[in-house]
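J.: got a predicted structure here, sequence first:
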Amino acid sequence: MSHAEEYLLLGLRLGKHVDGLVDSYYGPLDLKDVVDEEPPVHAAELAADGARLRGSLPDGWLRDQVSACTTYALVLAGEEISYSDEVEGCYGVRPERTSESVFEAAHAELDELLPGDGSLAERREAWRQRHLCGGDSAIAALQDLLPVLRARTEELVDLPAGEEVALEPVTGEPWWAFNYYQGDLRSRVVLNTDVPTTGLDLIHLVAHEVYPGHHTEHALKEQLLARDRGAIEEAIQLVPTPQALLSEGIAETGLDIVLDEASREQAYAIVRSHGIELSDPELAVRIQEAAKPLGTVGLNAALFIHEDGMSEDAAAEYVARWSLRPLEQARRSVDFATDPTWRAYSITYTAGEELCGAYIGGDPQRLRRLLTEHVRVGELRA
């Protein structure tokens with residue numbers, strides 16, 4: 001059995017322990033059949049299998065993936081591992097607490113930008129409420145935005161023939177949107193309509209989940225790596241691995257690379273055509289950028305919960321205060337940080353964006369490389 005096949009079996013066996021751990025699988029069906037038919041393998045045994053496989057691999061992308069799986073198996077087995085060690089073992093980046101002075105500076109900038117009366121949190125919520133849209137309008141606008149972002153992405157990279165995306169609304173999930181990559185160059189992208197969504201959010205969503213984000217990356221790598229080169233290790237996407245951090249980084253940085261001024265105005269016009277408020281996009285973008293440092297509030301809360309013993313209620317209040325969000329929305333962030341599948345995942349968005357953004361540095365060809373090759377987190381950190 002090849003190392004790649006052993007890795008696929010390891011990932012599939014881990015997936016039997018935690019729902020959603022295997023984000024996508026389109027590899028050999030006989031391997032999946034073996035795992036489906038066997039009883040769950042104890043996590044400690046999987047950790048030993050992972051360590052053994054890691055020891056037989058040369059230094060490289062696959063070894064990084066196996067190492068992450070081994071760390072996660074140890075966590076499942078009840079090994080005494082700190083939350084920071086778990087995150088670093090899974091993603092190759094150690095979480096650091098953001099000083100609240102950073103959040104205070106973001107609040108000060110937002111205070112200058114947000115119009116109206118009342119507290120900063122009230123003005124930010126009023127600004128968002130003014131620009132929110134319903135689920136039906138959101139899905140319709142997303143459908144119309146797809147061709148614009150697709151055309152711009154095709155100027156960067158040749159999309160594989162037959163790639164396809166289906167959009168639909170969902171409710172009751174701990175996240176805002178999700179790409180379920182189906183294999184065979186197809187994605188099912190869902191929007192959680194429980195989460196308030198603005199017109200700018202919708203443009204970001206298409207870029208993040210579809211073009212040039214998750215769908216684009218998965219379809220390209222399925223074609224170029226799994227099909228053309230026989231790299232079947234690409235045929236599984238596992239949540240607690242460096243692969244996920246790179247994927248989120250690509251999805252968070254791609255929009256500014258592919259959208260020029262003309263296509264951005266075209267996207268704004270599409271949003272407005274669906275009756276969604278977008279009267280001052282320049283100010284909206286400035287507000288969005290000013291709020292970016294607040295993206296690490298959730299990671300701070302996760303560290304407080306898992307390493308300091310903070311209660312979930314106190315963590316929700318912390319998130320609400322510093323992220324300037326209503327308490328019910330802050331609770332969703334805490335739910336995410338305590339979910340068995342996603343508890344370590346918070347770091348992938350901010351660290352992924354930081355690492356990929358620094359690597360790309362405005363160069364479209366570097367984004368193209370991230371979309372089409374196995375690039376290691378360690379290379380980006382270097």
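T.: That came through fine.

J.: what's the biggest helix by length in the chain packed up against?
T.: Taking DSSP state H as the criterion, the chain has its longest helix at helix 135-154. Contacts defined by 3 or more CB pairs under 8 Å, 6 or more residues apart in numbering; DSSP states H and E place helix 135-154 against strand 164-170, strand 186-192, helix 199-209, helix 242-258, helix 261-273. All C-beta spots, glycine's among them, are computed from the backbone N, C-alpha and C.

J.: JSON lines for the ones you listed, including mean pLDDT, distance to residue 90 and mean neighbour count?
T.: Listed next are these as JSON lines, based on pLDDT from 0 to 100; distance: least, CB to CB, whole Å; neighbours: other CB atoms under 10 Å:
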{"stretch": "strand 164-170", "mean pLDDT": "93", "distance to residue 90": "26", "mean neighbour count": "15"}
{"stretch": "strand 186-192", "mean pLDDT": "94", "distance to residue 90": "24", "mean neighbour count": "20"}
{"stretch": "helix 199-209", "mean pLDDT": "94", "distance to residue 90": "21", "mean neighbour count": "24"}
{"stretch": "helix 242-258", "mean pLDDT": "97", "distance to residue 90": "8", "mean neighbour count": "24"}
{"stretch": "helix 261-273", "mean pLDDT": "95", "distance to residue 90": "34", "mean neighbour count": "16"}
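
J.: how about residues contacting the longest helix of the chain?
T.: Here helix 135-154 makes contact (CB atoms under 8 Å, 6 or more residues apart in numbering) with 133, 159, 165, 167-169, 191, 193, 197, 199, 202-203, 205-207, 210-212, 216, 254, 258-260, 263, 266-267, 270-271, 273-276.

J.: now with 6 Å?
T.: The contact list for helix 135-154, computed with CB atoms under 6 Å, 6 or more residues apart in numbering, reads 167, 169, 191, 193, 197, 202, 206-207, 211-212, 216, 258, 263, 266-267, 270-271, 274, 276.

J.: one step back: same list, the helices and strands packed on helix 135-154, but as CSV with distance to residue 97 please.
T.: What follows is the helices and strands packed on helix 135-154, written out as CSV (distance: least, CB to CB, whole Å):
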stretch, distance to residue 97
strand 164-170, 33
strand 186-192, 28
helix 199-209, 26
helix 242-258, 18
helix 261-273, 35
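
J.: out of those, which is closest to residue 319?
T.: Smallest distance to residue 319 across those (CB to CB): 17.5 Å, for strand 186-192.

J.: who are the packing partners of that closest one?
T.: strand 164-170, strand 177-183 (3 or more CB pairs under 6 Å, 6 or more residues apart in numbering; DSSP states H and E).

J.: outside of that strand, which residues touch it?
T.: Taking CB under 6 Å, 6+ apart as the rule, strand 186-192 contacts 138, 164-170, 173, 176-181, 209, 215.

J.: tell me what angle it forms with strand 164-170.
T.: Angle, strand 186-192 to strand 164-170, by axes from the mean of the first three to the mean of the last three CA atoms, to 10 degrees: 20 degrees.

J.: can you give me how far strand 186-192 is from the chain middle?
T.: Relative to its chain's centre, strand 186-192 lies at 13 Å (CA atoms, centre = their mean, to the nearest Å).

J.: could you export it as PDB, CA atoms only?
T.: Extracted C-alpha coordinates of strand 186-192, given in PDB (Å, rounded to 0.1, in the frame of the first residue of the first chain):
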ATOM      1  CA  ARG A 186     -18.400  20.200  -8.300                       C
ATOM      2  CA  SER A 187     -19.200  22.200  -5.100                       C
ATOM      3  CA  ARG A 188     -22.400  22.700  -3.100                       C
ATOM      4  CA  VAL A 189     -22.100  26.100  -1.500                       C
ATOM      5  CA  VAL A 190     -24.600  27.000   1.300                       C
ATOM      6  CA  LEU A 191     -25.400  30.300   3.100                       C
ATOM      7  CA  ASN A 192     -26.600  30.200   6.700                       C
END
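
J.: okay, now the sheet partners of it, with direction.
T.: Sheet pairing for strand 186-192, assigned by DSSP bridges, gives strand 164-170 (parallel), strand 177-183 (antiparallel).

J.: go ahead and confirm residue 333 touches residue 299.
T.: No: assessed by CB atoms under 6 Å, residue 333 is found out of contact with residue 299, at 10.0 Å.
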